[in-house]
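Novice: Below is the structure, and that's it, no one-letter string:
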């Protein structure tokens with residue numbers, strides 16, 4: 001089977017993006033099983049064993065379409081370019097099945113090629129915090145949501161990493177896809193040498209990985225941490241990820257500016273911003289940290305959570321939607337009562353005050369969940385029948 005994925009970037013490692021991580025994990029296992037895998041990005045085609053990039057063929061009106069999209073806050077040019085990429089790949093190396101995310105509804109244009117396609121719900125626009133807050137909707141966001149809605153209502157096969165996301169999408173839109181599945185994202189389980197242990201960790205070291213944004217709850221994180229430093233003088237927080245900035249009352253604050261305005265000096269000296277790091281650099285930090293924190297306002301399936309659990313790191317999480325599909329409170333991690341800094345701080349006080357055996361229980365519970373449910377082999381085994389069903393449905397429709 002030749003599977004063609006869409007990814008916002010390729011090869012992996014260059015950006016912090018869960019879709020890239022997902023495509024990498026899926027591709028590795030599919031190739032191990034003897035399948036062929038290609039990857040399309042907005043800027044190139046990666047095909048064959050070498051996965052060398054080749055450019056997407058240019059269109060006759062690219063320059064004007066790009067300018068039109070900028071003026072209209074649209075993404076039609078990108079959709080057409082990605083469609084051309086899949087068409088070019090299909091001419092040179094016939095595709096059996098395409099899997100791509102729902103973002104911008106681009107897959108709706110690609111589906112016009114007639115190649116069987118599974119759309120993956122990595123993060124529908126209507127679930128994003130910035131969309132839920134109606135005062136922050138822009139023309140660009142409204143156009144994105146409209147394109148996603150129209151494309152999803154015409155989709156024939158939909159896959160979601162979380163049951164809640166699939167249910168909410170069905171409730172929000174007139175979904176008629178005959179093929180629908182819930183399939184978690186795969187994750188690589190860390191080796192014992194790279195994994196967390198109570199004996200080797202620093203109990204008062206906290207790790208947070210993600211973009212420094214409102215959606216990822218960076219403000220929740222720092223607000224909660226600020227309430228804990230007086231009780232634990234040696235408490236430290238490491239932040240890893242791109243400094244995208246938090247919007248507060250119409251103004252964007254980067255990390256340094258946000259901390260200078262909203263944090264006390266005694267708090268700031270306990271926080272270290274590392275910026276974007278490679279996965280190989282994050283793994284030893286995860287093993288050393290006493291806890292890994294996830295403070296997102298909304299997620300579908302956060303890889304930072306899965307990767308922490310796969311390395312046996314005990315996790316503390318906010319309620320981002322779907323967290324209870326992965327975490328059993330007190331058994332494989334902890335879930336705050338709500339997404340306020342006060343609630344996260346209260347939970348952290350409880351965990352930090354508890355014996356280390358509580359962390360060991362959640363460490364092993366999370367690792368067991370990953371081994372049983374999130375392994376690459378298990379996820380790909382579930383995906384292949386769905387791919388085949390979409391292929392068979394396409395053949396039936398063309399008869």
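Specialist: Done, it's in. Only a predicted model underlies this, so the values are computations on that prediction, with no experimental measurement involved.
Novice: from here on, contacts and neighbour counts on C-alpha atoms
Specialist: Fine.
Novice: Given the lengthiest strand in the chain, what are its sheet partners and their directions?
Specialist: Using DSSP state E, we find that the single longest strand of the chain is strand 202-209. Strands flanking strand 202-209 in the sheet, each with its direction: strand 236-240 (parallel), strand 289-294 (parallel) (DSSP bridges).
Novice: most packed of those strands?
Specialist: strand 289-294 (a mean of 26; mean count of other Cα atoms under 10 Å).
Novice: Distance from the chain centre to that one, please.
Specialist: In terms of Cα atoms, centre = their mean, to the nearest Å, the centre of strand 289-294 is found 18 Å from the chain centre.
Novice: coming back round to it: okay if I get the strands paired with strand 202-209 as CSV plus distance to residue 44?
Specialist: Converted to CSV, the strands paired with strand 202-209 look like this (distance: least, Cα to Cα, whole Å):
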stretch, distance to residue 44
strand 236-240, 28
strand 289-294, 33
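Novice: Residue 266: which of those is closest?
Specialist: strand 236-240 (11.5 Å; Cα to Cα).
Novice: how distant is that closest one from the center of its chain?
Specialist: On Cα atoms, centre = their mean, the centre of strand 236-240 falls 20 Å from that of its chain.
Novice: How about residues contacting it?
Specialist: For strand 236-240, the surrounding residues in contact (Cα atoms under 8 Å, 6 or more residues apart in numbering) are 204-211, 225, 270-277.
Novice: repeat for stretch 297-305
Specialist: For stretch 297-305, using Cα under 8 Å, 6+ apart, the contacting residues are 18, 21, 121-123, 127-129, 161-162, 165, 184-185, 187, 209-210, 214-217, 294, 315, 318-322, 339.
Novice: among these, which ones are buried?
Specialist: 18, 21, 121-123, 127, 129, 161-162, 165, 184-185, 187, 209-210, 214-217, 294, 315, 318-322, 339 (16 or more other Cα atoms under 10 Å).
Novice: Now intersect the residues you listed with the helices, please.
Specialist: If you go by DSSP state H, the buried ones among the contacts of stretch 297-305 have 18, 21, 129, 165 in helices.
Novice: Now the two most distant members of those.
Specialist: Largest separation among these by Cα to Cα: 21 and 129, giving 22.5 Å.
Novice: Count the residues that sit near residue 378.
Specialist: 16 (other Cα atoms under 10 Å).
Novice: gap between it and residue 218?
Specialist: 33 Å (Cα to Cα, to the nearest Å).
Novice: Packing partners of the helix or strand harbouring residue 368?
Specialist: Assessed by DSSP states H and E, residue 368 sits inside helix 356-369. Contacts defined by 3 or more Cα pairs under 8 Å, 6 or more residues apart in numbering; DSSP states H and E place helix 356-369 against helix 303-310.
Novice: and the angle for the helix it packs on with helix 356-369?
Specialist: Counting by axes from the mean of the first three to the mean of the last three Cα atoms, to 10 degrees, helix 303-310 lies at 110 degrees to helix 356-369.
Novice: For stretch 364-378, measure first residue to last.
Specialist: Terminal residues of stretch 364-378 are spaced 19 Å apart (Cα to Cα).
Novice: Mind listing what's buried along it?
Specialist: Result for stretch 364-378 [16+ other Cα under 10 Å]: buried residues 364-371, 373-378.
Novice: Equivalent analysis for stretch 201-221, please.
Specialist: Residues of stretch 201-221 classed as buried by neighbour count (16+ other Cα under 10 Å): 201-203, 205-221.
Novice: what about the strands in the stretch 101-250 of the chain?
Specialist: Remark: strands assigned in the stretch 101-250 of the chain by DSSP state E, counting those that start in this stretch are 117-120, 157-160, 179-182, 202-209, 236-240, 246-248.
Novice: hey, least reliable of those strands by pLDDT?
Specialist: In terms of average pLDDT, strand 246-248 trails the rest of the strands of the stretch 101-250 of the chain, at a mean of 88.
Novice: neighbouring strands for whichever helix or strand comes after it, and are they parallel or not?
Specialist: Sequence order places strand 251-253 as the next helix or strand after strand 246-248, per DSSP H and E. According to DSSP bridges, strand 251-253 forms sheet pairs with strand 246-248 (antiparallel).
Novice: neighbouring contacts of the strand it pairs with?
Specialist: By Cα under 8 Å, 6+ apart, strand 246-248 touches 212, 213, 214, 218, 219, 252, 253, 254, 258.
Novice: repeat that for 6 Å
Specialist: 213, 214, 252, 253 (Cα atoms under 6 Å, 6 or more residues apart in numbering).
Novice: And for stretch 5-18?
Specialist: Counting by Cα under 6 Å, 6+ apart, 20, 39, 40, 41, 98, 99, 100 sit against stretch 5-18.
Novice: okay, now the third one: neighbour count?
Specialist: Residues within reach of residue 40, counting by other Cα under 10 Å, total 26.
Novice: Repeat that for the fourth one.
Specialist: Around residue 41 there are 21 other residues, counting by other Cα under 10 Å.
Novice: Now residue 348: which helix or strand?
Specialist: Element membership of residue 348 [criterion: DSSP H and E] is helix 341-353.
Novice: Report the angle between that helix and strand 289-294.
Specialist: Per the same axes, to 10 degrees, the angle that helix 341-353 makes with strand 289-294 is 160 degrees.
Novice: now helix 341-353: mean pLDDT?
Specialist: pLDDT averaged over helix 341-353 gives 98.
Novice: And that helix, what does it pack against?
Specialist: helix 218-226 (3 or more Cα pairs under 6 Å, 6 or more residues apart in numbering; DSSP states H and E).
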